[in-house]
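S.K.: Would you be able to build a 3D model of this:
(one chain, ligands or ions: 2)
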Amino acid sequence: MSEATETERSALPLVAEGLTKRFRQGTSTVEALKGASLAVGPGEFLAVMGASGSGKSTLLHLMAGLAPPDEGSVTIRGTDLSALSDRALTLFRRRNIGLVFQAFNLIPALTAEENITLPVVADGRDDSEVADRLESLLARLGIAGRRRHRPDALSGGEQQRVAIARALIADPAVVLADEPTGSLDSATGQEICRLLQELCNEQRRTIVVVTHEPTVAAWAGRVAVVKDGRILSEFATSGFRDSHALAAHYQDIVSVSAAAEGVAS
Ligand SMILES: Nc1ncnc2c1ncn2[C@@H]1O[C@H](COP(=O)(O)OP(=O)(O)OP(=O)(O)O)[C@@H](O)[C@H]1O
Ligand SMILES: [Mg+2]
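M.R.: Ligands and ions are numbered 1, 2, ... in the order given. As a prediction, this is how the structure comes out:
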């Protein structure tokens, strides 16, 4: 979306520009991101692919406002996260960003529906609109029968559905998911991917999924490849007939870049 004008970009659900993030480890510094930029459109399902340690989770954390970048900016629906105070950022995140993690991150002592409504209850919103949205999410995600169960009485797939419902309860502009299928068997993982794709299409949700699995990335409309803290390439998934073809293309991109580095050094 690099050709979009400044006005068009400010209306996008999510724009990350020139993100750099360094972590100090003793006397050395790890540069986890080195000027990564991404723009995600309304109703777009983007997969961020890359090897372990390439910077995917760091990118997702910065886009979610969970940590500040050392350089660059994150803009969600026209709001630059760096312009917000801590308190304003917390409120903004609750209302505009839904998060889904590999380990589900549900609270063990709460029932499924208490887990789902936690973000809006914390925000002081306990109105009929929330109650209606809870009912429709429980039904849409196929977990209405499990609403009074605690996480330990739910399967992995059910727990992730609860986590997805929790991510959607505030009707956020963007949903960010870090390896959402990483703790699930492959059939359940594919069901979760199908669900994310359907939510994206039905509700025009903007979804970014971080993954190293081509079978997950194949559900997205577009793939951004991260390597060594940089966005190496972006491509549409429509040109690939299946996840094997997509995996082959991904490997090509990564190996061409490795060969180019070999020539350069
Ligand atoms: N809090 C931290 N402190 C120090 N180094 C960190 C921290 N978080 C990430 N890193 C380093 O930054 C780099 C990128 O890490 P990141 O977790 O973003 O990778 P990833 O692509 O998500 O990997 P994986 O697929 O294994 O989850 C790695 O070298 C990692 O060790
Ligand atoms: Mg990670």
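S.K.: Can you work out which other helices and strands pack against the longest helix along the chain?
M.R.: Using DSSP state H, we find that the single longest helix of the chain is helix 243-264. Secondary-structure packing of helix 243-264 (3 or more Cβ pairs under 8 Å, 6 or more residues apart in numbering; DSSP states H and E): helix 214-217, strand 222-227, strand 230-236. C-beta: built from backbone N, CA, C; applies to glycine.
S.K.: what's the angle from that helix to strand 222-227?
M.R.: 40 degrees (axes from the mean of the first three to the mean of the last three Cα atoms, to 10 degrees).
S.K.: for ligand 1, what are the nearby residues on the stretch 51-200 of the chain?
M.R.: Ser52, Gly53, Ser54, Gly55, Lys56, Ser57, Thr58 (Cβ under 6 Å from any ligand atom).
S.K.: now the helices and strands packed on helix 243-264 in JSON lines, with mean pLDDT and mean neighbour count?
M.R.: JSON lines is the format used below for those (pLDDT from 0 to 100; neighbours: other Cβ atoms under 10 Å):
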{"stretch": "helix 214-217", "mean pLDDT": "95", "mean neighbour count": "22"}
{"stretch": "strand 222-227", "mean pLDDT": "97", "mean neighbour count": "22"}
{"stretch": "strand 230-236", "mean pLDDT": "96", "mean neighbour count": "17"}
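S.K.: what residues are up against Arg147?
M.R.: By Cβ atoms under 8 Å, 6 or more residues apart in numbering, the contact list for Arg147 reads Thr111, Ala112, Glu113, Leu138.
S.K.: ok, for the last one, nearest residue in space, not its chain neighbours?
M.R.: Think Leu138. Closest residue in space to Leu138, ignoring its immediate chain neighbours: Ala144 at 4.2 Å, by Cβ to Cβ, 6 or more residues apart in numbering.
S.K.: For that neighbour, grab the count of nearby residues.
M.R.: 15 (other Cβ atoms under 10 Å).
S.K.: Nearest to ligand 1 among the helices and strands packed on helix 243-264 would be which one?
M.R.: strand 222-227 (6.7 Å; Cβ to the nearest ligand atom).
S.K.: neighbouring strands for that closest one, and are they parallel or not?
M.R.: strand 45-49 (parallel), strand 230-236 (antiparallel) (DSSP bridges).
S.K.: Turn those into a markdown table, columns for distance to Pro68.
M.R.: Below are the strands paired with strand 222-227 laid out as a markdown table (distance: least, Cβ to Cβ, whole Å):
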| stretch | distance to Pro68 |
| --- | --- |
| strand 45-49 | 19 |
| strand 230-236 | 19 |
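S.K.: Let me have the ones you listed in CSV, adding distance to ligand 1 as columns.
M.R.: Formatted as CSV, these follow (distance: least, Cβ to the nearest ligand atom, whole Å):
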stretch, distance to ligand 1
strand 45-49, 9
strand 230-236, 12
